[in-house]
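# Give me a 3D structure for the following:
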Amino acid sequence: MDSKLSSTLVMSSIIHDHFDLGDIQIPETLQEVHQRRHRKLVVETDKGRFLVKTYKREPLILDNLRFQHKLSAYLESHGLPVAQIQTARDGKKIVEIDNWALELQRFIPGEAMKISAHSLAISAKALGMLHVECRDFPCPDRDARRWRFREVPRDMFNKLYQLAKQEDSSPRVDENCNNIALFLREASNELSEDACDIFETGLIHGDWHSGNLIFQGEKLAAIIDLEFAGDGCYLEDLSYAISNLCVRTATEEEKLEQRTEILLAYYQRYRTLSPAEERALYYAVGIKHVATVCYQSVQMDGTVAGHTAAEWLTKLDLQTQWLGLRAQKIHGGWG
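Residues are numbered from 1 along each chain as shown. Purely as a prediction, here's the structure:
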């Protein structure tokens, strides 16, 4: 028997034995999703469709998973949509078998967020609500002052540049690279470690991008993937949200401005940015954006979201120029 089929048959039996879900079909691997950290499958049952996620049975992993379950329940109780965790017969939400464990989440039909004025407003309000409602939620230990948005990706950026040079040896690549490097230096100076205590911290999602916001038509159906949630700077969540939802697929100044202004306006209906956050915001977005593109490009050998390394350098040049101009306007008091 095929080993994959054998393992799914075993998993089907385990689910049947531990959950009151009636007849269980053989689980199927969830297509078109990352399977790097955990195996993800879908199982059909008499009581609906569920997402099955498996984990190593290690204390730190299971402690984090229990925290995610508590947070998920808290978010739902405060009006933020999540994928409900299924309780097993023994009252627990994690089934532990030998050296591995599994959980079942109610499968949420829908699709990843598509960028529009409406969806940007909804996602921004949800992020603002999360930050406000969870401000005092007990978090696991995490270095809240370790700003992932201020860590300039020098090594990764150099690898992206080398990939681009292999593709295009023209002076344009060097010009793009130099312009981006100037922005990163300016941003790094502004977000120096000396300023670590000026930003508000609390519970953050940690991975706020379109793939983790499941929509059904124009409705936000679920906020998923709470694995990176924990104590952190609110600016970290906000900078990644703007990077992914407002900047990633745009280079035109009008589109960049419209998207960003919508997101900030609706986010601040729940939580107002401090003057320090306003000053740092566009630099933080730029560093987070460049870091994400560099990491993904190197992981995928140069091609991300349909663009090659050289094409991304051109896009990053235009995007960081706009971000730098926005930052300078705020610093000059005329933005």
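
# Now do the helices in the stretch 101-250 of the chain.
Counting by DSSP state H, counting those that start in this stretch, the stretch 101-250 of the chain has helices at residues 117-133, 154-167, 171-190, 234-242.

# What is the last one packed up against?
Taking 3 or more C-beta pairs under 8 Å, 6 or more residues apart in numbering; DSSP states H and E as the contact definition, the neighbouring helices and strands of helix 234-242 are helix 117-133, strand 201-204, helix 253-267, helix 275-299. Any C-beta I mention is one placed from the backbone N, CA and C, and that applies to glycine too.

# now these in JSON lines, with mean neighbour count and distance to residue 174?
Formatted as JSON lines, these follow (neighbours: other C-beta atoms under 10 Å; distance: least, C-beta to C-beta, whole Å):
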{"stretch": "helix 117-133", "mean neighbour count": "20", "distance to residue 174": "35"}
{"stretch": "strand 201-204", "mean neighbour count": "22", "distance to residue 174": "37"}
{"stretch": "helix 253-267", "mean neighbour count": "17", "distance to residue 174": "24"}
{"stretch": "helix 275-299", "mean neighbour count": "22", "distance to residue 174": "17"}
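
# nearest to residue 111, of the ones you listed?
Evaluated over those, closeness to residue 111 peaks at helix 117-133, with 10.9 Å, by C-beta to C-beta.

# Residues touching that closest one, excluding its own?
74-75, 78-80, 113, 202-205, 208, 213, 215, 218-220, 223, 234, 237-238, 241, 245-246, 258-259, 262-271 (C-beta atoms under 8 Å, 6 or more residues apart in numbering).

# likewise stretch 268-279?
So stretch 268-279 is in contact with 125, 128-129, 131-132, 190, 195, 198-200, 234-235, 238, 264, 281, 327, 330-331, going by C-beta under 8 Å, 6+ apart.

# Would you mind finding the most buried of the helices of the stretch 101-250 of the chain?
Per residue and on average, the most neighbours among those fall to helix 234-242, with a mean of 26 (mean count of other C-beta atoms under 10 Å).

# Outside of it itself, list whatever touches it.
Against helix 234-242 from outside (C-beta under 8 Å, 6+ apart): 123-124, 127, 131, 147-149, 199-202, 204-209, 260, 263-264, 267, 271, 273, 277, 280-281, 284-285, 287-288, 292.

# Okay, angle between that helix and helix 117-133 too, please.
Interaxial angle, helix 234-242 versus helix 117-133 (axes from the mean of the first three to the mean of the last three C-alpha atoms, to 10 degrees): 170 degrees.

# Break the chain into its domains for me.
Following automatic domain parsing, the chain resolves into domains at 3-107, 117-332.

# Now render these as JSON lines, adding mean pLDDT.
Output for these, formatted as JSON lines (pLDDT from 0 to 100):
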{"stretch": "domain 3-107", "mean pLDDT": "90"}
{"stretch": "domain 117-332", "mean pLDDT": "91"}
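
# List the residues that contact residue 19.
45, 86, 88-89, 104.

# Inside strands: which ones of those?
45, 104 (DSSP state E).

# most neighbours, which of the contacts of residue 19?
In terms of neighbours by other C-beta atoms under 10 Å, the contacts of residue 19 top out with residue 104 at 24 neighbours.

# you'd agree that one is up against residue 86?
Yes: between residue 104 and residue 86 there is a contact at 3.9 Å, judged by C-beta atoms under 8 Å.

# Quick check: longest strand in the chain by residues?
Longest strand in the chain, counting by DSSP E: strand 48-56.

# Now do the buried residues in that strand.
Within strand 48-56, the residues that count as buried by 16 or more other C-beta atoms under 10 Å are 50-55.
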